[in-house]
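A.B. asks: Predicted model and sequence follow; I will ask about them next.
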Amino acid sequence: MTSPLEKGNALESAVRAIETAILESSPALRENKFKIESKKHVNVDGVRHEVDVYVEVDLGKGYKSTFIFECKNWQDAVGKNEIIIFSEKIDAVQAQGGFFVAKSTTKDAKAQAEKDRRITLLTATEHNVGETPAPFDFHIISVERRDAEIDFVPRDKLALQQREPVQLSEARAVQKGADLNLEQYVHEWISETCDENLRTFPSATLGEGDYEREAEARRVFDEGELTVNDLDITEAKLRIKLSVRVSRPPVVSHFEVATRGRSLSFAPVTLGVGTLQARYVESDI
């Protein structure tokens, strides 16, 4: 069961994501900076205030504007006392305006908000995630394992017969007269080959799971263009075996804030390098 704190955090995260999308897409802010923070603590005359979402826009030449958001993910309608407290918070942080986001507000709360022209009431709707399809068939592709073999073929036939495996970290390589970090060169080539291979991976038609793929690449060098351990290399052959994972995380929250936009967040996905949580945001402005 979701706790009140988790419910509140979910709405705050959605509001922050929507407002960030609005700010980033605004032509007026292309030359100006803005910052947006969640759960910002402000201490005024010894009184501590917590702002759910804090926005500061730098208009340049010493001019800055501040806006704050209060988010109440309550089943019950918000009353007038919460609006009174929000007005005091706007005063405390010297904000130009404040947006109060809630699922519903009482008649008295609406009347109280009308007394402060700095306050805008916004209605939030929480949609049933079980009925929310992933937009655009969203899914995640990750390479969980890649095993690569590389073969440097020397131009000299005698050296071809006597060659030994190349230790990338210790090899001496020169390309077009300049020292070459062979380990880095091969690593970048492997990444490029994997990316190219994945362009033809039909992930949209596949279910969740791991899939095995193979990729090959070949590079040919002119005489004297590349030497490895003092051997002139005529070509290099790369063979890769990939384990590719398709993840289709479910939607875990879906909020729509009237006149501002909507935000969907997906369940976290564990990848080889860590955890990723994706979000889809649409702006109405």
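C.D. replies: Structure's in. What do you need?

A.B. asks: Run through the strands of the stretch 151-285 of the chain in chain order.
C.D. replies: With DSSP state E, counting those that start in this stretch, the ranges of strands along the stretch 151-285 of the chain come out as 173-175, 178-180, 209-220, 226-228, 231-247, 251-257, 261-266, 269-271, 274-276, 279-283.

A.B. asks: nope, the stretch 1-150 of the chain is what I was after
C.D. replies: 33-44, 47-60, 63-72, 97-102, 119-126, 140-154.

A.B. asks: With distance to V244 and mean neighbour count as new columns, can the ones you listed be given to me in CSV?
C.D. replies: C-beta: built from backbone N, CA, C; applies to glycine. CSV is the format used below for those (distance: least, Cβ to Cβ, whole Å; neighbours: other Cβ atoms under 10 Å):
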stretch, distance to V244, mean neighbour count
strand 33-44, 35, 14
strand 47-60, 38, 17
strand 63-72, 39, 20
strand 97-102, 40, 22
strand 119-126, 35, 16
strand 140-154, 6, 15
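
A.B. asks: Go through the ones you listed and name the closest to I85.
C.D. replies: Of all the strands of the stretch 1-150 of the chain, strand 63-72 sits nearest to I85, with 8.5 Å by Cβ to Cβ.

A.B. asks: what's the closest one packed up against?
C.D. replies: Packing partners of strand 63-72 (3 or more Cβ pairs under 8 Å, 6 or more residues apart in numbering; DSSP states H and E): helix 4-25, strand 47-60, helix 80-93, strand 97-102.

A.B. asks: can you do 6 Å?
C.D. replies: With contacts taken as 3 or more Cβ pairs under 6 Å, 6 or more residues apart in numbering; DSSP states H and E, strand 63-72 sits against helix 4-25, strand 47-60, strand 97-102.

A.B. asks: Between these, which one is closest to I150.
C.D. replies: helix 4-25 (41.9 Å).

A.B. asks: got the buried residues for the closest one?
C.D. replies: When burial is assessed from 16 or more other Cβ atoms under 10 Å, helix 4-25 yields the following buried residues: 7-23.

A.B. asks: Stretch 191-209 too?
C.D. replies: 193-194, 197, 203.

A.B. asks: Next, find the distance separating T105 from E282.
C.D. replies: 24 Å (Cβ to Cβ, to the nearest Å).

A.B. asks: do H254 as well
C.D. replies: Distance from H254 to E282, counting by Cβ to Cβ: 11 Å.

A.B. asks: same question, D195
C.D. replies: 29 Å.

A.B. asks: More neighbours: which of T105 and E282?
C.D. replies: Per other Cβ atoms under 10 Å, whichever of T105 and E282 has more neighbours is T105, with 23 against 13.

A.B. asks: And the pLDDT at the closest residue to that one other than its chain neighbours?
C.D. replies: Closest residue to T105 apart from its sequence neighbours, by Cβ to Cβ, 6 or more residues apart in numbering: V78 at 4.7 Å. We have a pLDDT of 97 for V78.

A.B. asks: just to revisit the earlier point, dump the buried residues of stretch 191-209 to JSON lines, plus distance to R218 and pLDDT.
C.D. replies: Below are the buried residues of stretch 191-209 laid out as JSON lines (distance: Cβ to Cβ, whole Å; pLDDT from 0 to 100):
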{"residue": "T193", "distance to R218": "10", "pLDDT": "97"}
{"residue": "C194", "distance to R218": "15", "pLDDT": "96"}
{"residue": "N197", "distance to R218": "14", "pLDDT": "96"}
{"residue": "S203", "distance to R218": "26", "pLDDT": "96"}
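
A.B. asks: Compile those into CSV and extend it with columns for distance to C71.
C.D. replies: Listed next are these as CSV, based on distance: Cβ to Cβ, whole Å:
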residue, distance to C71
T193, 47
C194, 42
N197, 44
S203, 35
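
A.B. asks: of all these, which comes closest to D45?
C.D. replies: Looking across the buried residues of stretch 191-209 and measuring by Cβ to Cβ, the closest to D45 is S203, at 56.6 Å.
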